[in-house]
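3D model of this:
(one chain, ligands or ions: 2)
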Amino acid sequence: MGIATVTAFHAIIVAAGSGSRAGGDIPKQYRDYQGQPLLRHSVRNLLSHPLIGQIIVVIGAGQDAMAQQALPQDDRIKTVLGGDSRMASVANGLQALSALEIAADTKVLVHDAARPGLSHDVIDRLLLALDEQPGAVPVLPMVDSMTNNAGELLGEAVDRNDFVRVQTPQAFHFHVLQAAHQHWQTKSGDAPTDDARMVQDCGYKVAAVAGDEKLAKITFAEDFDGGLTLMNHQSENLRAPIRIGNGFDVHRFEPGDHIWLCGVQIPHKQSLKGHSDADVGLHALTDALLGALALGDIGDHFPDTDPQWAGSSSDRFLEHAANLVEEKGYRIGNVDITLICEAPKVKPHREAMRERVAAILSLDADLVSIKATTTEALGFTGRREGIAAQASATLIQHSTR
Ligand SMILES: Nc1ccn([C@@H]2O[C@H](COP(=O)(O)OP(=O)(O)OP(=O)(O)O)[C@@H](O)[C@H]2O)c(=O)n1
Ligand SMILES: C[C@](O)(CO)[C@H](O)COP(=O)(O)O
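Numbering: from 1, shown residues only. Ligands and ions are numbered 1, 2, ... in the order given. Now for the predicted structure:
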């Protein structure tokens with residue numbers, strides 16, 4: 001394949017439908033699909049394309065709050081209100097692009113929010129085709145036998161090679177798409193179901209490039225529940241709804257008479273040295289949660305140069321990480337801490353520790369595991385110079401921001 005002329009392109013994503021065929025409490029474009037709102041898939045895939053300019057997302061009346069939740073925060077995204085039909089929604093998107101005063105031959109992609117599996121390959125094929133023709137669409141061959149629709153009886157056979165399925169994004173030179181919409185606004189009767197047909201009916205040529213099964217449109221309820229979700233929509237930036245983090249921490253012993261371990265005070269012939277209460281178990285777990293969110297480590301959030309954390313209870317560090325988990329739209333799946341020391345014996349305190357950690361995290365105790373091991377008298381923990389702890393945590397996405 002050649003290389004498309006290097007110019008930015010803009011995109012209109014139509015997301016103003018009601019999704020009546022898909023059912024559900026909210027329109028399908030805002031429902032969760034493979035861990036994020038359906039709409040967000042295409043937006044992210046467009047944002048990560050090196051040639052993307054502006055993305056106009058056309059939303060329905062009363063959908064602002066859902067759209068805000070669904071859309072990543074990015075200056076290149078603008079939302080505008082849609083219309084009663086898909087065609088009217090595209091027209092409103094076009095109007096928003098006109099306001100940007102873009103050149104007549106700027107490449108514009110029009111895409112359904114309902115088609116999540118948008119790859120850069122398809123975008124590149126369309127952009128390249130626009131170097132030759134004023135319009136381009138992705139198409140796929142028919143793979144099933146085809147007949148005329150004759151109701152309850154089998155209709156007459158038709159040659160499936162005469163047909164292809166037309167997908168989105170559909171790509172056009174800006175002025176061509178504008179002209180087609182202006183033309184169709186003056187006409188009565190049923191408008192075509194897509195922009196390519198509108199453009200073609202105005203006398204322009206539209207190239208057909210290879211489509212992608214992963215661009216299948218989410219139309220019916222079962223497309224969410226099974227069916228299409230079973231397909232491997234490995235689109236750019238697809239995020240798994242589960243995250244995993246791990247943390248590790250060490251504190252050395254100093255003279256004292258107790259230590260804090262996993263939120264529990266334990267009498268001991270030494271204490272652990274630290275800026276805070278030196279709870280090595282809670283520190284490792286805090287780092288595991290921050291790590292799962294890719295939000296740095298405990299030192300970034302609570303610098304040991306900051307006097308306000310001197311002697312602080314580590315409960316608040318863990319609470320802070322747990323709040324971030326919630327803010328980012330996740331809940332904690334389970335946590336697992338291993339304490340590495342010769343002494344004190346952890347087992348007698350283990351249940352109290354599990355209860356305490358569960359309480360701080362508002363979790364059931366059966367989601368909290370606390371284990372301990374020695375290092376067989378080897379190394380610094382073996383020499384009883386300090387205690388080490390490591391922790392793992394899983395996060396499960398429950399909402400999309
Ligand atoms: N007035 C409309 C109608 C549809 N669309 C958008 O056009 C795309 C393709 O339409 P379709 O799958 O038919 O979506 P809905 O119209 O929402 O679905 P339904 O027909 O089942 O109600 C969707 O992204 C939809 O949000 C739009 O922006 N404005
Ligand atoms: C635009 C489209 O997705 C191309 O296949 C299709 O025409 C949309 O049709 P719908 O009736 O709005 O589902």
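
So which bits of the chain are right by ligand 1?
Proximity of the chain to ligand 1 (CB under 6 Å from any ligand atom) is limited to residues 14-22, 29, 58, 82-86, 89, 112-114, 217, 219. For glycine as for every other residue, the C-beta is placed from the backbone atoms N, C-alpha and C.

Quick one, which of the residues you listed are buried?
Among those, those buried by neighbour count (16 or more other CB atoms under 10 Å) are 14-17, 19, 22, 29, 58, 82-83, 86, 89, 112-114, 217, 219.

Which ones among these lie within strands?
14-15, 58, 112 (DSSP state E).

of the buried ones among the residues of the chain next to ligand 1, list those near ligand 2.
Applying CB under 6 Å from any ligand atom to these, those adjacent to ligand 2 are 86, 112, 217.

for the last one, what are its contacts?
Which is Lys217. 112, 114-115, 167 (CB atoms under 8 Å, 6 or more residues apart in numbering).

Could you save these as TSV and add columns showing pLDDT and distance to Pro37?
Output for the contacts of Lys217, formatted as TSV (pLDDT from 0 to 100; distance: CB to CB, whole Å):
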residue	pLDDT	distance to Pro37
Asp112	98	14
Ala114	97	12
Arg115	97	14
Gln167	98	20
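
From the recorded domain assignment, give the ranges for this protein.
Following automatic domain parsing, one finds the domains of the chain at 9-230, 242-397.

looking at this protein, which helix or strand does the model trust least?
Of all the helices and strands that make up the chain, helix 227-230 has the lowest average by mean pLDDT, DSSP states H and E, namely a mean of 47.

model confidence over the next helix or strand after that helix, on average?
Scanning forward in sequence from helix 227-230 by DSSP states H and E, the next helix or strand is strand 242-255. Averaged over strand 242-255, pLDDT sits at 97.

next one: strand 242-255 to chain centre, how far?
Relative to its parent chain, strand 242-255 has a centroid offset of 29 Å by CA atoms, centre = their mean, to the nearest Å.

Contacts made by it with the rest, please.
With CB under 8 Å, 6+ apart, strand 242-255 has contacts from 270-274, 278, 280, 283-293, 297-298, 330, 333, 380, 384-397.

Tell me who's in contact with the residue in the chain that ligand 1 sits nearest to.
The chain approaches ligand 1 most closely through Gly17 (2.0 Å), counting by CB to the nearest ligand atom. Neighbouring residues of Gly17 by CB under 8 Å, 6+ apart: 27-29, 60, 82, 86, 89, 113-114.

now what about stretch 188-200, what contacts it?
Contact with stretch 188-200 is made by 85-87, 90, 110, 134-135, 137, 166, 168, 170, 172, 176-177, 180-181, 183-184, 201, 206, as judged by CB under 8 Å, 6+ apart.

taking those one by one, which sit in strands?
Per DSSP E, the contacts of stretch 188-200 map to strands at 110, 135, 137, 166, 170, 172, 206.

Output those in CSV, with distance to Phe253, pLDDT and neighbour count appended to each entry.
Listed next are the ones in strands among the contacts of stretch 188-200 as CSV, based on distance: CB to CB, whole Å; pLDDT from 0 to 100; neighbours: other CB atoms under 10 Å:
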residue, distance to Phe253, pLDDT, neighbour count
Val110, 66, 98, 25
Gly135, 74, 98, 25
Val137, 70, 98, 26
Val166, 71, 98, 17
Gln170, 68, 98, 26
Phe172, 71, 98, 30
Val206, 75, 98, 21
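
Quick check: pLDDT value at the residue of the chain closest to ligand 1.
pLDDT, read off for Gly17, is 96.

got it, and the one 10 residues further on?
At Pro27 the predicted local confidence, pLDDT, stands at 97.

ok, back up a step: make CSV out of the ones in strands among the buried ones among the residues of the chain next to ligand 1 and add distance to Phe248.
Listed next are those as CSV, based on distance: CB to CB, whole Å:
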residue, distance to Phe248
Val14, 48
Ala15, 43
Val58, 48
Asp112, 46
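
What is the most widely separated pair among those residues?
Across those, the longest distance by CB to CB is 10.6 Å; it joins Val58 and Asp112.

what is in contact with those two at once?
Contact criterion CB under 8 Å, 6+ apart; residues shared by Val58 and Asp112: 13-14.

Contact residues of this structure facing ligand 2?
Taking CB under 6 Å from any ligand atom as the measure of proximity, the chain contacts ligand 2 at 86, 112, 166-168, 193-194, 217.

and the contacts of Gly17, which of them are in helices?
86, 89 (DSSP state H).

check contacts around Leu293.
Per CB under 8 Å, 6+ apart, neighbours of Leu293: 243, 245, 321, 324-325, 328, 330, 395.
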